[in-house]
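Chemist: sharing a model that was predicted from the sequence below.
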Amino acid sequence: MSSSLRTALVPSAHEIDLLTMFQCVWKQKILVVLVTAGIGLIAAVYAYMVTPEYQVSGVLRPAAINELDALNRSEVYKLPPNEALTRVGASLESYDTRLGFFRANQVLFKEFQQPGRSLEQSFEEFNRNSINLILPDPNKSDSLSDYIRLEMVYPKGIDGVAILNRFVDYAINNERGRITADMEVIVRNRLNELNGKLAAARASYDNEKEARIAILLEQDNLKRSQLQDELTALRALLKTHRIDRIAQLNEAIGIARSLGIRKPTTPSSLSESERSGASIMRTEVNNQQIPLYFMGVDALEAERSALQQRKSDEFTEVRIAQIAKELQLLKDNRQVEILKNRKNEELYLSGVEPLRAEIARLNNLNIDTSNLKLVTVDRQALEPLSPIKPKKLLIILGGLIVGGVLGVALALCKILFSSRPKLI
């Protein structure tokens, strides 16, 4: 037989070692079984004694467009569905919202409260380990729409379904309340702004009216003063004319007496009367006014007497009557009277119709935010069928594996330290 064939028939050193080890361990099979059974029993006890933990989850998605249509059409508050979902998600993650829910529903959190802990400390334990907010990965496009998923892990004895569902409702109601408060503040501020503009328009109208009345009265006063000045000047002028006329009459009377003219005559008549005497007087008149003294002494003296006895010269000037008429009209300015006697001055404000229309629209704005649907609850939390922890079968199987490995290791150690058998 060749050397290569002889080598194949003779077992190798490693095969002898494994076989010897297996035989040695088999001799200690009772120890291995006992250790394996003990560790497995411990694992089983742990698996059945540890408090089970359950997990519930809920999903929120954006509300339909028609749910927020009335709010967006108000032209006061804009809230797209995706933004509403984001705001509700921010409320769900808010520390204040969670603490408020914890305080408002302490009956649900009795298991978290322990002696010697304050309410805030008990809340910290719940807030740190219980509810997680999960958002879709923006780098992945596997979701057809935005969503928010809430997951809650809780031990047995706690109503996790009620906590999660009520927490979602609390956050939605809390955000709805904030929107209602924001709406009230925005509408109130907008109304204050519009009322301020309307008050400014009223003040501007009052100022314009007072200024117009002042201008009209000033114009009347100016016109009255001008007419008074004109009247005084006319009276002085008429008096001067009368004095001048009396002087002219006095001169003409002297001339008429010297010529012996008593009665009104003409140059031609005077010429003919003198022709009958010794002397002949010829007078040639070429489109010239007949001198005043031809009126004769009697007529001139009568006119002079009348002028001297005259009390007023106003009747001789038509303009004086016109001035009196204009002064009478200036006593009452009807335009000023109408401006002062206006009853409903709101009708005369200019450019305020859009302001009044907006005020009326805001006052009649009727949006029921108490039933505003901010998000759609796509899936509510449901009672779990089984706990997520502990995994009993996995724990027991792991215990058996660890027990078996530990049992084999103990058997090998016992053999090595007791008999030290040869492995080769």
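Modeler: Structure received.
Chemist: tell me the SS of the closest residue in space to residue 183 that isn't next to it in sequence?
Modeler: Spatial nearest neighbour of residue 183, excluding adjacent residues (Cβ to Cβ, 6 or more residues apart in numbering): residue 77 at 5.5 Å. Bear in mind the C-beta positions are built from the backbone N, C-alpha and C, glycine included. Put simply, residue 77 is coil when judged by DSSP: H, G, I helix; E, B strand; the rest coil.
Chemist: state the pLDDT value of residue 77.
Modeler: Note on residue 77: pLDDT of 85.
Chemist: mind giving me the packing neighbours of the biggest helix by length in the chain?
Modeler: Of all the elements of type helix in the chain, the one with the most residues (DSSP state H) is helix 160-259. If you count contacts as 3 or more Cβ pairs under 8 Å, 6 or more residues apart in numbering; DSSP states H and E, helix 160-259 packs onto strand 53-62, helix 81-93, helix 95-104, strand 148-155, helix 297-309, helix 318-330, helix 334-340, helix 353-363.
Chemist: what lies in contact with the fifth one?
Modeler: With Cβ atoms under 8 Å, 6 or more residues apart in numbering as the test, helix 297-309 has contacts from 242, 245-246, 249-250, 252-253, 256-257, 261-264, 292-293, 295.
Chemist: what is the orientation angle of that helix with helix 160-259?
Modeler: Helix 297-309 runs at 150 degrees relative to helix 160-259, counting by axes from the mean of the first three to the mean of the last three Cα atoms, to 10 degrees.
Chemist: tell me how far residue 65 lies from residue 360.
Modeler: According to Cβ to Cβ, to the nearest Å, residue 65 and residue 360 sit 28 Å apart.
Chemist: correction: the previous question concerned residue 48.
Modeler: For residue 48, the distance to residue 360 - Cβ to Cβ - is 72 Å.
Chemist: and for residue 241?
Modeler: Here the criterion is Cβ to Cβ. By it, residue 241 lies 71 Å from residue 360.
Chemist: residue 186 against residue 78, yeah?
Modeler: No: the pair residue 186 / residue 78 is not scored as a contact, 10.7 Å apart, by Cβ atoms under 8 Å.
Chemist: chain neighbours aside, what residue packs nearest to residue 239?
Modeler: Nearest non-adjacent residue to residue 239, counting by Cβ to Cβ, 6+ apart: residue 313, 6.1 Å away.
Chemist: circling back to that earlier point, need the helices and strands packed on helix 160-259 in TSV (columns: mean neighbour count, distance to residue 234 and mean pLDDT).
Modeler: Shown next, in TSV, are those (neighbours: other Cβ atoms under 10 Å; distance: least, Cβ to Cβ, whole Å; pLDDT from 0 to 100):
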stretch	mean neighbour count	distance to residue 234	mean pLDDT
strand 53-62	19	91	86
helix 81-93	18	84	89
helix 95-104	16	90	86
strand 148-155	19	96	84
helix 297-309	15	17	90
helix 318-330	13	6	91
helix 334-340	12	27	89
helix 353-363	13	53	89
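Chemist: adding distance to residue 24, write the ones you listed out as CSV.
Modeler: Formatted as CSV, the helices and strands packed on helix 160-259 follow (distance: least, Cβ to Cβ, whole Å):
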stretch, distance to residue 24
strand 53-62, 44
helix 81-93, 61
helix 95-104, 61
strand 148-155, 47
helix 297-309, 172
helix 318-330, 141
helix 334-340, 125
helix 353-363, 94
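Chemist: by mean pLDDT, point me to the weakest helix or strand of the protein.
Modeler: helix 3-9 (a mean of 36; mean pLDDT, DSSP states H and E).
Chemist: related to what we said a few turns ago, next one: the longest helix of the chain to chain centre, how far?
Modeler: Its chain's average C-alpha position is 33 Å from that of helix 160-259, according to Cα atoms, centre = their mean, to the nearest Å.
Chemist: quick one, it and strand 148-155 angle?
Modeler: Helix 160-259 and strand 148-155 meet at an angle of 140 degrees, taking the same axes, to 10 degrees as the criterion.
Chemist: okay, angle between helix 160-259 and helix 81-93 too, please.
Modeler: Counting by the same axes, to 10 degrees, helix 160-259 lies at 120 degrees to helix 81-93.
Chemist: quick check: mean pLDDT of helix 160-259?
Modeler: Rounded mean pLDDT across helix 160-259 is 91.
Chemist: hang on, the earlier thing: so which of the contacts of helix 297-309 comes closest to residue 395?
Modeler: For the contacts of helix 297-309, the residue nearest residue 395 by Cβ to Cβ is residue 242; the value is 140.8 Å.
Chemist: ok, now how distant is the closest one from residue 248?
Modeler: From residue 242 across to residue 248, the span is 11 Å (Cβ to Cβ).
Chemist: could you do residue 380 as well?
Modeler: Residue 380 sits at a distance of 123 Å from residue 248 (criterion: Cβ to Cβ).
Chemist: do the same with residue 56
Modeler: Relative to residue 248, residue 56 is positioned 129 Å away (Cβ to Cβ).
Chemist: now do the contacts for the residue lying closest to residue 34 once chain neighbours are set aside.
Modeler: Nearest residue to residue 34, sequence neighbours excluded (Cβ to Cβ, 6+ apart): residue 407, at 7.3 Å. Listed by Cβ under 8 Å, 6+ apart, the contact partners of residue 407 are 31-36.
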